[in-house]
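J.: Just the structure for this:
(2 chains)
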Amino acid sequence: MSRDERELEALRHLADRVRLRAVQMTALHGLGYLGQALSSAELFACLYGGAFSPGRDEFVCSPGHYVIAFYGVAAETGLLDPGALSTYGFDDSLLEAVGTERTPGLDLVFGSLGLGLSGGVGFALARRMRGQEEGRVFVLVSDGEMEEGQVWEAALFAAHERLDRLVVVIDANDSQVDGPVHAITTLEPLADKWRAFGWEAVEVDGHDVGALSEALDPVTTQRPRVVIARTSTRTGLEVLPVDADGHFIKLSDELATAAIAELEARLA
Amino acid sequence: MREPPYPTVLKPYGRALVELAREREEIVCLSGDLTRQCEVDLFQEQLPERFIHTGMAEQNMVSVAGALARRGFLPFVHSFGVFTTRRPYDQIVNSIASARLPVRLVGFMPGLSSPGGPSHQAIDDIALMRAVPHMTVVDVADAVETRAALRALVDVPGPVYLRLKRGEIPVIFDEPHSFALERAQVLSEGGDVALIACGMMLPAALNAAAALRGAGISVGVVNVPVLKPIDAATLLRVATQVRCLVSAENHLVTGGLGSAVAEVLATAGIGRPLRRVGVQDTFAEGAKSAPHLFRKYGLSTADIVAAAWSALGRDGPPPTVGEVVADAGEYAPV
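T.: Reported below is the predicted structural model:
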C-alpha cells in the first residue's frame, strides 16, 4: 500500500514526539533507556500510527526496557494519560522502567529477555484454535535478545505451525549492555537465519517510515513474517555525544535541555 | 486402605485428563516429546484438536502455555519433572506465575524413581516450585489420589505443579478417597512418633509404621499430598500429640516436605525432634532400578524405621522390616 507524503510526514512527526517524550522521561532520572526509544521510535510510530489496531491486533513487547517508547507512543495516541509519564520509573508508579504484569496498555511484556516471541506464538495459536480470522499478533524483539535460545525454539515452532498471523519486528540497533551486538555474538546473516527457519523475512531501514509501513502491511503467505528493522540508538538526536552508551544513556540537565530544544525545533 | 503389595494400574492420569477435558472445553494439552511416557497419548488420540506438540523445547512450551492461559485456555503442560521445572524455571516465573495464570505443570518420574541418572531425576522440583510465588504444589501417592487431585486442582485460580509417578501406578487407597487440596490426611493416630510422608514415600511410611508398631511403638501416619499451601493446622495438631516426627519424601530433604514441616513446627514454636528421610545433599548415581537407588540413598522403609528409632532415643538396633514381595504388576515399597 503506497502512502502519500502527508501520511509519512505524520508518522515521522509521531516518531519525533516519541523521542521527545522519551527524553523527558529519561531526564527525570538523569539516565535511562533513551537509546532504545531513539532506535525504535519509527517502529512504534508505524505500528501505533498505522499497522496495529488495539482490539483487533495484539502487541507483545518482548524486551521490557522498551516500554519507554511504548509509553511515549501511547501518550501520543490516546492510550495513556500523558500526565502519567511524569511518574515513569519512580516508586509505586505503574510505569516501571522495565515492564511488568501491571504495565498498562500492552497485551504482554517481559523483563526477562527471549520470552516474548513464545508469548506471541501462544496468542497466534489461541486465535487459530478459536477460529479468529481477523487481526494479527505483532511481537517486538531486540537483536541482542536473539542470543537467547528460546527465541529460536519459538521461531522453529511458529514456522512448523505455519502461524501466518504472526509478525515479528526486530529492532536491530546493534546495541546490548556490553557493547555492539556484532562484537559479542555474530547474528548475521540475520534474514537468512529466519528464512532458513521457515519465515518470510524482509529487511528495511528502521528509520524509514515508508519502508517500515510497507513491510508491516498485511501479506498473504502461509508463513510467519519477520521485519528486520536496521536502526541506531542515536538516530534523531544530533546533540547526543558520539560515544553515548546506546543501552543506558546518561542525560545531564544541559544535554536534556539541548535535546528537548532540538526535538521541539524539528516538531515546530 | 489396601495392604501391600499393591495392585497397579496404567495411565490413571491420562484417562482422567481425557475424561475431564471432555467436560471442560478450555483444557488444552501440551507435550514436549514424552507423550506416551506422560500418559497423554490418550489425549492426542482422542482430542487431537486440543493437543499441542511443542517438541523438546520446554522454555517455549511453558511460555506458550502462559499465553494460551491469558486467552482463556486451561493448559496442562507435560514432561518429566526435571524438564517441566528445572529447565524452564525463568519461563515459569515470568510467563505464568507473575501473572498468576492457571497453567498446570505436570512432571513425571519424581525423585529417584528414574534409572536415567541425575539428569532425569527430579530431586529438587518440589523445592523449586515451592519457591515460586502463587504456585500450588501437589505430590500424589497413588492412582486414586491422582484422579482425585486432578479433579480438585482443575479450578485452582493460579498455577499448579503436579508431580506424578511414571509407569505402573499403585492403588493404595480405597474409593471414595477423601481428598482436598487444603487438607493433609491423618491416616492413623499415635502418641510416640508421627511419620509424615508424601508421594512415593507413603507406602514406605505405612510399612515402617507397621514395623514400629510391632515393636510396641505408637505411630501416627500423615499423608501430605499438597506441599504448598501446606496444611499447617493438621500438622501442628499431630505434632503436639507425639514426641517426635519423621518426614519421608522422594526428593532432597532441602526445600521439600521435610523443610515445609520444619517451617511449620518452628513458626508455631513446637519443639519436637524432626528427622528428615529423603535424598541428602547429593546426586544419585549408579542406577539400574529405582529400588536400588531408594536403598542406596536412604529412602527405604528401614531408613524411616531407623530415623524414628533414633528420634525416640531408643537403644539397641531398630526393629527389622519384613520384605514385601511384589509379583509382576504389583507394587511394594523398598
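J.: Identify the residues contacting the residue of the stretch 1-150 of chain A found nearest chain B.
T.: Going by C-beta to the nearest C-beta, chain B is nearest to residue A:122 of the stretch 1-150 of chain A, at 2.3 Å. Where you see a C-beta, it was placed from the backbone N, CA and C, and this is true even at glycine. Each residue near residue A:122 by C-beta atoms under 8 Å, 6 or more residues apart in numbering or on different chains is listed here: B:63, B:64, B:65, B:66, B:67, B:68, B:70, B:71.
J.: What's the first helix or strand after the helix or strand hosting it?
T.: Following DSSP states H and E, one finds residue A:122 within helix A:116-129. Following the chain from helix A:116-129 toward its C-terminal end, the next helix or strand by DSSP H and E is strand A:137-142.
J.: quick one: that next one to helix A:116-129, angle?
T.: Calculated by axes from the mean of the first three to the mean of the last three C-alpha atoms, to 10 degrees, strand A:137-142 forms an angle of 170 degrees with helix A:116-129.
J.: Mind exporting the C-alpha coordinates of strand A:137-142 to CSV?
T.: Presented in CSV, the C-alpha positions along strand A:137-142 are these (Å, rounded to 0.1, in the frame of the first residue of the first chain):
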residue,chain,number,x,y,z
VAL,A,137,-0.1,-10.6,16.5
PHE,A,138,2.9,-8.3,16.5
VAL,A,139,6.0,-9.1,18.6
LEU,A,140,8.8,-6.6,19.1
VAL,A,141,12.1,-8.4,19.6
SER,A,142,15.5,-6.8,20.0
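J.: Could you give the secondary structure assignment for the closest residue to residue B:230 other than its chain neighbours?
T.: Leaving aside its sequence neighbours, residue B:230 sits nearest to residue B:260 (C-beta to C-beta, 6 or more residues apart in numbering or on different chains; 4.9 Å). Secondary structure, DSSP: H, G, I helix; E, B strand; the rest coil: residue B:260 is helix.
J.: residue contacts, residue B:260?
T.: Contacts of residue B:260 by C-beta under 8 Å, 6+ apart are B:130, B:224, B:227, B:228, B:230.
J.: Please tell me how far the first one sits from chain A.
T.: What that stands for is residue B:130. 20 Å (C-beta to the nearest C-beta, to the nearest Å).
J.: Who are the contact partners of residue B:324?
T.: Contacts of residue B:324 by C-beta under 8 Å, 6+ apart are B:4, B:5, B:207, B:332, B:333.
J.: Just name the closest of those to chain A, please.
T.: Nearest member of the contacts of residue B:324 to chain A, counting by C-beta to the nearest C-beta, is residue B:333, at 39.2 Å.
J.: burial measure for the closest one, as a count.
T.: Counted by other C-beta atoms under 10 Å in any protein chain shown, the residues lying close to residue B:333 total 26.
J.: Is it correct that it is in contact with residue B:209?
T.: No - contact criterion C-beta atoms under 8 Å: residue B:333 and residue B:209 do not qualify, at 11.5 Å.
J.: where in the chain is pLDDT low?
T.: Because you didn't say which chain, this covers chain A. Residues of chain A that meet the criterion pLDDT under 70 lie in A:1.
J.: if you could check chain B rather than the one you did, that'd help
T.: Checking chain B against pLDDT under 70 turns up nothing.
J.: What parts of chain A come near chain B?
T.: A:100-101, A:108, A:110-112, A:114-115, A:118-123, A:125-126, A:129-130, A:149-150, A:153-154, A:156-157, A:160 (C-beta under 8 Å from any C-beta of the partner chain).
J.: Return the members of these classed as buried.
T.: A:100, A:108, A:110-112, A:114-115, A:118-123, A:125-126, A:150, A:153-154, A:156-157 (16 or more other C-beta atoms under 10 Å in any protein chain shown).
J.: overlap in contacts of residue B:333 and residue B:209?
T.: By C-beta under 8 Å, 6+ apart, no residue touches both residue B:333 and residue B:209.
J.: how much space between the residue of the stretch 1-150 of chain B found nearest chain A and residue A:119?
T.: In the stretch 1-150 of chain B, the residue that lies nearest chain A is residue B:67 (2.3 Å; C-beta to the nearest C-beta). According to C-beta to C-beta, to the nearest Å, residue B:67 and residue A:119 sit 5 Å apart.
J.: Got the phi and psi for the residue of the stretch 1-150 of chain B closest to chain A?
T.: phi -70, psi -40 (degrees, to the nearest 10).
J.: which residue packs closest to it, ignoring adjacent ones?
T.: Nearest to residue B:67 is residue A:122, by C-beta to C-beta, 6+ apart, at 2.3 Å.
J.: now the contacts of residue B:324 as TSV including distance to residue A:170 and secondary structure?
T.: Compiled in TSV, those are given as follows (distance: C-beta to C-beta, whole Å; DSSP: H, G, I helix; E, B strand; the rest coil):
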residue	distance to residue A:170	secondary structure
B:4	59	coil
B:5	59	coil
B:207	59	helix
B:332	57	coil
B:333	55	coil
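J.: ok, which pair from the residues you listed is furthest apart?
T.: Using C-beta to C-beta, the pair of those lying farthest apart is B:5 and B:207, separated by 10.6 Å.
J.: Among the two, which residue is more densely surrounded?
T.: Counted by other C-beta under 10 Å, residue B:5 and residue B:207 do not tie: residue B:207 has more neighbours, with 25 against 17.
J.: contacting residues around the residue nearest to that one when sequence neighbours are not counted?
T.: Excluding the flanking residues, the one nearest residue B:207 by C-beta to C-beta, 6+ apart is residue B:301, at 4.3 Å. By C-beta under 8 Å, 6+ apart, residue B:301 lies in contact with B:204, B:207, B:208, B:211, B:321, B:333, B:334.
J.: surely residue A:49 meets residue A:10?
T.: Yes - Residue A:49 is in contact with residue A:10 according to C-beta under 8 Å; the separation is 6.9 Å.
J.: More neighbours: which of these two?
T.: A side-by-side neighbour count of residue A:49 and residue A:10, using other C-beta under 10 Å, places residue A:49 first with 23 against 16.
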